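Peer 1: Pasting the sequence and the predicted model now:
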Amino acid sequence: MSVMTPKMVKVFERPRSLADIEFTYCPGCHHGLITRIIAQVIDELGIQERTVVVGPVGCSVFVYQWFRCDGIQSAHGRACAVATGIKRVNPDLIVFTYQGDGDLAAIGTAESIHAANRGENITVIFINNQIYGMTGGQMAPTTLIGQWATSCPEGRDAGLAGYPIRFAEIVAQLDAPVYVTRQSLYDQKRIRATSRAIKKAFQYQVEGKGYSLVEILANCPTSWHMKPVESNRWIADEVVKVFPLGDLVDRG
Amino acid sequence: MPKGMVLFDRERCKGCGLCIAVCPRQVLSYSGEYNQRGYNVTRMEDPDRCTGCAFCALTCPDVTIEVYREISPGKGRSNG
């Protein structure tokens, strides 16, 4: 730091709510970026001391370690049910779940949809990277038609495995959710839009408005067999055609 | 005189290259040096061109970058 002139001011640093430990994610993985954005939102809203994160099963299974706030690890897919319990017993806490597509949209479909339908006052952060990363790159419910995965080596076949689930659209059909949006992180503009969306979702919970879902189109360079920069381009060129970006519901 | 400066946490850099791709003034590049984990870490290739825009830090998935910017007296700071 001694090389700085007195006029140099620090304009970006690690958020306070982010623990000072290294992520276990692969190089270029959007999980770390999303975790940093959430930590920054927690800092900005000043809710660190009353925030609880509910973790999933998947690559982000250690999510309770990354944040400097309380955290709990739920059974696979049950994060929304666990979050419901925490929030109902302690309504003053700010409770959010952090779930991947395998957790939220496959094994946990029932819990995820019914928590949304009840309008629980929780925030759900849904990381949609269209693949099962931790287990070795198998097909997820969100895998694109024709996309390669280890369990569909010829590409996903709609006749055999169905179509990609648009979970945000399913939740947006319900009457209860206050805020449902889909965002991505493939360029600076999108990263800022995602930050604003996550902040709005937390803000609505702080104001007691109800359930919010932020779906984020993320990458998986390792399982997609792409370089991180290529994976961003793939999201911009292909994934957004199947999963359109933008707010689906905003009743705040 | 550069308007900005970035500091890397070398041991946490995984060499993914997203910061190099996002820098609008091509300040960053791979250093050719490897950290203890064996990743080719990023460095400031052309420090004089840095404006402190913080695009690299906002993109870094491993939060390895701190950004400093020259700010004229009286102006506040902004984190991203």
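Peer 2: Received, thanks. Numbers count the residues shown, from 1 in each chain, chains lettered A, B, ... in the order given.
Peer 1: Please give the element, helix or strand, for B:Ser29.
Peer 2: Element membership for B:Ser29, per DSSP states H and E: strand B:28-34.
Peer 1: Over to A:Ala115?
Peer 2: helix A:109-118.
Peer 1: how far does that helix sit from the chain's center?
Peer 2: 16 Å (C-alpha atoms, centre = their mean, to the nearest Å).
Peer 1: Name the residues that touch that helix?
Peer 2: With contact meaning C-beta atoms under 8 Å, 6 or more residues apart in numbering or on different chains, helix A:109-118 is reached by A:77-81, A:83-84, A:99, A:104-105, A:122, A:124, A:167, A:170-171, A:174, A:176-177, A:211, A:213. To be clear about C-beta, it is placed using only N, CA and C from the backbone, and glycine gets the same treatment.
Peer 1: ditto for stretch A:141-154
Peer 2: With C-beta under 8 Å, 6+ apart, stretch A:141-154 has contacts from A:101-102, A:105-106, A:128, A:130-132, A:136-140, A:155-158, A:160-165, A:167, A:223, A:225, A:238-239, A:242-243.
Peer 1: Contacts only, for the residue lying closest to A:Phe67 once chain neighbours are set aside.
Peer 2: If the residues on either side of it in the chain are set aside, A:Phe67 comes closest to A:Val53, at 5.3 Å by C-beta to C-beta, 6 or more residues apart in numbering or on different chains. Taking C-beta under 8 Å, 6+ apart, we find A:Val53 in contact with A:63-64, A:67, A:69-72, A:96-98.
Peer 1: Closest to A:Lys199 out of those?
Peer 2: A:Phe96 (12.2 Å; C-beta to C-beta).
Peer 1: So what does the nearest residue to the closest one once chain neighbours are set aside have for phi and psi?
Peer 2: Excluding its sequence neighbours, the residue lying closest to A:Phe96 (C-beta to C-beta, 6+ apart) is A:Thr123, at 4.0 Å. Dihedral angles of A:Thr123 (phi, psi; degrees, to the nearest 10) stand at phi -110, psi 130.
Peer 1: So for the helix holding A:Ala115, mean pLDDT?
Peer 2: The average pLDDT within helix A:109-118 is 96.
Peer 1: Pull out the buried positions in that helix.
Peer 2: Of all the residues in helix A:109-118, those buried under the rule 16 or more other C-beta atoms under 10 Å in any protein chain shown are A:111-113, A:115-116.
Peer 1: do the same with stretch A:44-61
Peer 2: For stretch A:44-61, a neighbour-count test (16+ other C-beta under 10 Å) marks A:45, A:47-48, A:51-61 as buried.
Peer 1: just stretch A:226-241 next, same as before
Peer 2: Neighbour counts using 16+ other C-beta under 10 Å place A:226-229, A:231-232, A:234-235, A:239-240 of stretch A:226-241 among the buried residues.
Peer 1: at contact distance from chain B, anything in it?
Peer 2: Yes. Using C-beta under 8 Å from any C-beta of the partner chain, stretch A:226-241 reaches chain B at A:227-229, A:232.
Peer 1: picking that back up, now the buried residues of stretch A:44-61 in a markdown table, with secondary structure and pLDDT?
Peer 2: Formatted as a markdown table, the buried residues of stretch A:44-61 follow (DSSP: H, G, I helix; E, B strand; the rest coil; pLDDT from 0 to 100):
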| residue | secondary structure | pLDDT |
| --- | --- | --- |
| A:Leu45 | helix | 97 |
| A:Ile47 | coil | 96 |
| A:Gln48 | helix | 96 |
| A:Thr51 | strand | 97 |
| A:Val52 | strand | 97 |
| A:Val53 | strand | 97 |
| A:Val54 | strand | 97 |
| A:Gly55 | strand | 96 |
| A:Pro56 | coil | 95 |
| A:Val57 | coil | 95 |
| A:Gly58 | coil | 93 |
| A:Cys59 | helix | 94 |
| A:Ser60 | helix | 94 |
| A:Val61 | helix | 94 |
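Peer 1: For those, work out which two are farthest apart.
Peer 2: A:Leu45 and A:Val57 (27.6 Å).
Peer 1: count of neighbours near A:Leu160?
Peer 2: 9 (other C-beta atoms under 10 Å in any protein chain shown).
Peer 1: Please list the residues of chain B that sit near chain A.
Peer 2: Within chain B, the positions adjacent to chain A are B:5, B:11-12, B:14-18, B:21-22, B:39, B:52, B:54-55, B:57-63, B:65-73, B:77-80 by C-beta under 8 Å from any C-beta.
Peer 1: Which of those residues fall within strands?
Peer 2: Among the residues of chain B next to chain A, DSSP state E puts B:5, B:65-70 in strands.
Peer 1: From the residues you listed, keep the buried residues only.
Peer 2: Neighbour-count burial (16+ other C-beta under 10 Å) applied to these gives B:5, B:65-70.
Peer 1: pLDDT below threshold where in chain A?
Peer 2: Applying pLDDT under 70 to chain A flags residues A:1-6.
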